[in-house]
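*Asks:* Make a model of this:
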Amino acid sequence: MSRDGKSAFLVLFASPLAGAVLIALLALLAWHNSFGVPFVFDDKINILENPSIKSLQPLSSVLSAPPGTGTAGRPLLNLSLAVNYAISSLSPASYHALNLLIHVLSGIVLLGLMRRTFGSPRLSALFGSRAPFLALVAALAWTLHPLTTESVTYVSQRAESMMGMFFLICLYCAARGFEKRPVNLWHAGAAAALVLGAASKEVIVVAPLLILAWDAVFGQKKVMGALRRSWFLYLGLLAGMAWLFFLVWLGGTAGANPLDHGVGRFNYLITQGGVILHYLRLSFFPVGQAFDYWDWDRSLTLAAYIKATLVGMLAVLSIWGLARRHPAGFAGAWFFLVLAPTSSLMPLKCPAYEHRMYLPLAAVAALSVGGLYWAARSTGGRFPENIRKRGGLFGAVLAVFVILVLCGLTIHRNHDYRTDFALWADTLEKRPGNLKAHLNMAQALESLGDLKGAVAHYTTGLAIGDYREVAGAHYNIGNIMAKTGRKDEAEGHYRKALLARPAFPEALVNLAVLLSEKGRTDEAERLYERAIIIDYNRVEAHFNYANLLVGRGLWSEAAQHYRAVTTLAPHITAASANLAVCEEHEKNR
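*Replies:* Okay, the predicted model is just below:
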């Protein structure tokens with residue numbers, strides 16, 4: 001390539017607009033086959049069965065999702081789903097379009113952050129005029145990486161991608177504001193982004209620490225000096241943190257609190273060594289992805305300790321690099337800080353999920369691109385002059401090749417989401433001992449009418465013997481038995497489900513319905529009451545209980561429960577009609 005050609009090439013990619021357009025176009029190509037992907041897994045409780053998104057009025061209800069769902073304690077996330085519902089009801093296309101828009105915006109903001117980072121005084125001598133191009137390569141590698149699919153294609157993980165977008169906006173605004181006076185609009189924007197991110201997912205809690213680290217490494221300020229000079233920024237971030245802690249204090253988020261899942265803190269921490277190495281392997285070799293890792297080995301074997309030690313050494317190296325204000329230390333801090341809430345001492349239900357790598361992957365991409373360029377420059381003098389002259393062209397070709405490969409892998413991974421059945425079949429192919437995959441495959445088969453196949457997978461799940469999901473397996477087998485008229489067997493499975501999990505409102509309601517059909521209304525009434533005490537927002541409990549009370553001539557009591565249904569789910573017109581009948585009977589008494 002001639003000198004003029006190289007100059008034109010660099011000028012083109014020095015344009016932020018050209019980079020943003022390229023990110024948007026390639027992301028659209030990579031996710032073009034995602035718009036028809038159905039709702040899967042937790043989309044059921046977060047979208048299909050979430051009454052708080054079915055209407056934008058009153059706003060207070062939209063901002064208060066039912067406890068125990070993935071949107072509880074995350075008001076902005078729930079509001080975004082309500083907007084989608086207003087646009088397309090339960091048609092998934094608009095949900096996927098918004099998820100992709102969020103991801104594209106994140107990629108563009110990451111490009112801006114990488115441009116400022118690679119072009120900072122700390123790195124300008126290394127990257128020079130190539131900084132914008134390298135920033136674009138890093139942003140594209142992250143945006144198009146198949147490891148981000150779980151956060152983009154799986155609608156419920158908008159929690160991760162939306163939080164990630166505000167996380168990146170927060171960092172970008174802070175970096176821009178460091179160049180201005182202590183009080184400036186950029187820093188106000190950073191604080192606002194933290195507030196919005198806190199309303200999306202709690203992991204944004206580490207953003208202020210990362211901003212301080214960025215200022216120390218790339219702004220080359222000492223910590224106390226940075227705090228004094230940018231007092232307005234950190235005061236705003238402190239207010240954002242107070243808002244986040246308030247949301248957590250309100251509680252209700254499905255995964256927000258450390259729960260006893262039968263795994264101790266130390267055990268979970270050691271297990272995360274292997275998990276993080278798996279994440280890194282997928283970052284560089286993104287093949288063999290799985291939607292679920294419920295079957296991850298949690299035993300404290302020698303191999304687990306070795307993996308934990310290796311990861312611990314990487315963490316210590318990152319701390320050492322950060323203390324020396326080395327750019328690689330900042331990348332390591334980014335990686336480990338963002339993973340810390342889910343990969344340290346707080347045991348979560350599942351030890352590994354690929355969506356947890358959404359933001360840490362950006363650090364891996366930036367460090368890989370910057371590190372490869374540094375290595376090429378450091379070793380370039382050992383090669384003949386004619387090869388050195390073509391080094392830039394070789395690097396550009398390599399970057400284009402990697403980006404196109406990542407794009408292709410993302411298209412292929414999105415194909416795995418094409419149906420519920422296909423997603424769980426892919427998961428079982430890679431992790432055949434995964435109990436949750438068997439249970440969800442059973443549900444997929446049940447929806448396709450293959451009840452025999454469904455029961456087979458539920459039975460396999462029970463044979464695996466994971467106590468955490470025994471209740472769900474018995475509950476679902478009970479549903480199939482009830483559908484096929486085998487009521488006694490259904491009752492037995494519902495009771496086993498309740499024995500394993502006494503506070504199981506769905507099982508209580510379904511068993512109550514079954515007993516009502518058998519004429520055992522007194523027992524059914526007690527079960528409905530238990531279900532409502534456990535989960536007052538359980539619409540079907542109120543509705544079915546009201547129907548039972550009507551059958552017994554208890555119009556006033558029935559009206560109370562129909563009234564609850566009209567409040568919780570205004571779209572259920574039958575409840576309004578039945579309520580009117582009850583009120584008419586009340587008047588005529």
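*Asks:* Wait, F127 touches T117, no?
*Replies:* No: with contact defined as Cβ atoms under 8 Å, F127 does not reach T117; the gap is 9.7 Å. All C-beta spots, glycine's among them, are computed from the backbone N, C-alpha and C.
*Asks:* The two: who's more crowded?
*Replies:* Under the neighbour definition other Cβ atoms under 10 Å, F127 and T117 were set side by side, and T117 has more, 26 against 21.
*Asks:* Remind me which helix or strand the closest residue to A575 other than its chain neighbours belongs to.
*Replies:* Once flanking residues are discounted, A575 sits nearest to V565: 3.8 Å by Cβ to Cβ, 6 or more residues apart in numbering. V565 belongs to helix 555-568 when assigned by DSSP states H and E.
*Asks:* Can you give the distance from that helix to the centre of its chain?
*Replies:* With Cα atoms, centre = their mean, to the nearest Å as the basis, helix 555-568 stands 36 Å off its chain's centre.
*Asks:* The residue nearest to A575: what's it in contact with?
*Replies:* Contact analysis of V565 by Cβ atoms under 8 Å, 6 or more residues apart in numbering lists 539, 542-543, 546, 572, 575.
*Asks:* Could you measure from it over to A524?
*Replies:* Note on V565: its distance to A524, by Cβ to Cβ, to the nearest Å, is 18 Å.
*Asks:* burial count for A14?
*Replies:* Neighbour number of A14 under other Cβ under 10 Å is 18.
*Asks:* That one contacts P132, correct?
*Replies:* Yes: counting by Cβ under 8 Å, A14 does reach P132; the two are 4.3 Å apart.
*Asks:* circling back to that earlier point, any idea which helix or strand comes after the helix holding V565?
*Replies:* For helix 555-568, the following helix or strand on the C-terminal side (DSSP H and E) is helix 573-587.
*Asks:* and that following helix with helix 555-568, angle?
*Replies:* Counting by axes from the mean of the first three to the mean of the last three Cα atoms, to 10 degrees, helix 573-587 points 150 degrees away from the direction of helix 555-568.
*Asks:* Now helix 573-587: buried residues?
*Replies:* Residues 575, 578-579, 582 are the ones in helix 573-587 that count as buried (16 or more other Cβ atoms under 10 Å).
*Asks:* of these, closest to L113?
*Replies:* Set against L113, the nearest of the buried residues of helix 573-587 by Cβ to Cβ is A575 (49.9 Å).
*Asks:* does the closest one really touch Q560, like I thought?
*Replies:* No: using Cβ under 8 Å, A575 makes no contact with Q560, being 11.8 Å away.
*Asks:* next structured bit after the helix or strand bottoming out on mean pLDDT in the chain?
*Replies:* In the chain, no helix or strand scores lower on mean pLDDT, DSSP states H and E than helix 3-14, which sits at a mean of 58. Once helix 3-14 ends, the next helix or strand along the chain (criterion: DSSP H and E) is helix 16-30.
*Asks:* which residues are in contact with that next one?
*Replies:* Contacts with helix 16-30, where a contact means Cβ under 8 Å, 6+ apart, come from 12-13, 100, 103-104, 107-108, 111-112, 115, 132, 135-136, 139-140, 143-144, 403, 406-407, 410-411, 414.
*Asks:* Other residues contacting whichever helix or strand comes after that helix?
*Replies:* Note on helix 16-30: by DSSP H and E, the next helix or strand toward the C-terminus is helix 43. Helix 43 has contacts (Cβ under 8 Å, 6+ apart) with 154-156.
*Asks:* what about F246, helix or strand, and which?
*Replies:* Using DSSP H and E, F246 maps to helix 231-250.
*Asks:* which residue packs closest to F421, ignoring adjacent ones?
*Replies:* Spatial nearest neighbour of F421, excluding adjacent residues (Cβ to Cβ, 6+ apart): A444 at 4.3 Å.
*Asks:* and what of G119?
*Replies:* Once flanking residues are discounted, G119 sits nearest to A131: 4.3 Å by Cβ to Cβ, 6+ apart.
*Asks:* hmm, back to that, burial of the residue nearest to F421, as a residue count?
*Replies:* Using other Cβ under 10 Å, the number of residues around A444 comes to 21.
*Asks:* Go ahead and confirm it touches L428.
*Replies:* No: with contact defined as Cβ under 8 Å, A444 does not reach L428; the gap is 10.7 Å.
*Asks:* Could you list the low-pLDDT ranges of the protein?
*Replies:* Scanning the chain for pLDDT under 70 picks out 1-13, 220, 251-262, 380-391, 466-468, 589.
*Asks:* Recalculate using a threshold of 80.
*Replies:* The chain contains residues with pLDDT under 80 at 1-14, 180, 182-183, 220-223, 225-226, 250-263, 345, 378-393, 465-469, 585-589.
*Asks:* Name the nearest residue to W334, ignoring sequence neighbours.
*Replies:* In space, and not counting its chain neighbours, W334 is closest to A363: 3.8 Å by Cβ to Cβ, 6+ apart.
*Asks:* Name the surrounding residues that touch the host helix or strand of the one you found.
*Replies:* Under the criterion of DSSP H and E, A363 resides in helix 360-379. By Cβ under 8 Å, 6+ apart, the residues outside helix 360-379 that reach it are 110, 114, 117-118, 123, 126-127, 130, 134, 137-139, 141-142, 145, 147-148, 168, 279-280, 283-284, 327-328, 331-332, 334-335, 338-339, 391, 395.
*Asks:* any chance you could map the helices in the stretch 351-500 of the chain?
*Replies:* Along the stretch 351-500 of the chain, the segments classed as helices by DSSP state H, counting those that start in this stretch run 360-379, 385-389, 391-415, 420-430, 435-447, 451-464, 470-483, 487-500.
*Asks:* Output the fifth one as CSV, nothing but the C-alphas.
*Replies:* Taking C-alpha atoms only, helix 435-447 is exported to CSV below (Å, rounded to 0.1, in the frame of the first residue of the first chain):
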residue,chain,number,x,y,z
LEU,A,435,-30.2,-31.0,35.0
LYS,A,436,-31.7,-27.6,34.1
ALA,A,437,-31.2,-28.3,30.4
HIS,A,438,-33.1,-31.6,30.8
LEU,A,439,-35.9,-29.8,32.6
ASN,A,440,-36.1,-27.1,30.0
MET,A,441,-35.9,-29.5,27.2
ALA,A,442,-38.8,-31.3,28.8
GLN,A,443,-40.8,-28.1,28.7
ALA,A,444,-39.9,-27.5,25.1
LEU,A,445,-41.1,-31.0,24.2
GLU,A,446,-44.2,-30.5,26.2
SER,A,447,-45.0,-27.4,24.2
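*Asks:* packing partners for it?
*Replies:* Counting contacts by 3 or more Cβ pairs under 8 Å, 6 or more residues apart in numbering; DSSP states H and E, helix 435-447 packs against helix 420-430, helix 451-464, helix 470-483.
*Asks:* so can I have JSON lines of those showing distance to K587 and mean neighbour count?
*Replies:* Formatted as JSON lines, these follow (distance: least, Cβ to Cβ, whole Å; neighbours: other Cβ atoms under 10 Å):
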{"stretch": "helix 420-430", "distance to K587": "48", "mean neighbour count": "19"}
{"stretch": "helix 451-464", "distance to K587": "47", "mean neighbour count": "18"}
{"stretch": "helix 470-483", "distance to K587": "38", "mean neighbour count": "22"}
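*Asks:* P66 is nearest to which of these?
*Replies:* Comparison of the helices and strands packed on helix 435-447 against P66 by Cβ to Cβ identifies helix 470-483 as nearest, at 18.3 Å.
*Asks:* what separates that closest one from the chain centre, distance-wise?
*Replies:* Helix 470-483 has its average C-alpha position 28 Å from the chain's average C-alpha position, going by Cα atoms, centre = their mean.
*Asks:* What helices and strands are in contact with that helix?
*Replies:* Other helices and strands packing on helix 470-483, by 3+ Cβ pairs under 8 Å, 6+ apart, are helix 435-447, helix 451-464, helix 487-500, helix 505-517.
*Asks:* again, 6 Å this time
*Replies:* Counting contacts by 3 or more Cβ pairs under 6 Å, 6 or more residues apart in numbering; DSSP states H and E, helix 470-483 packs against helix 451-464, helix 487-500.
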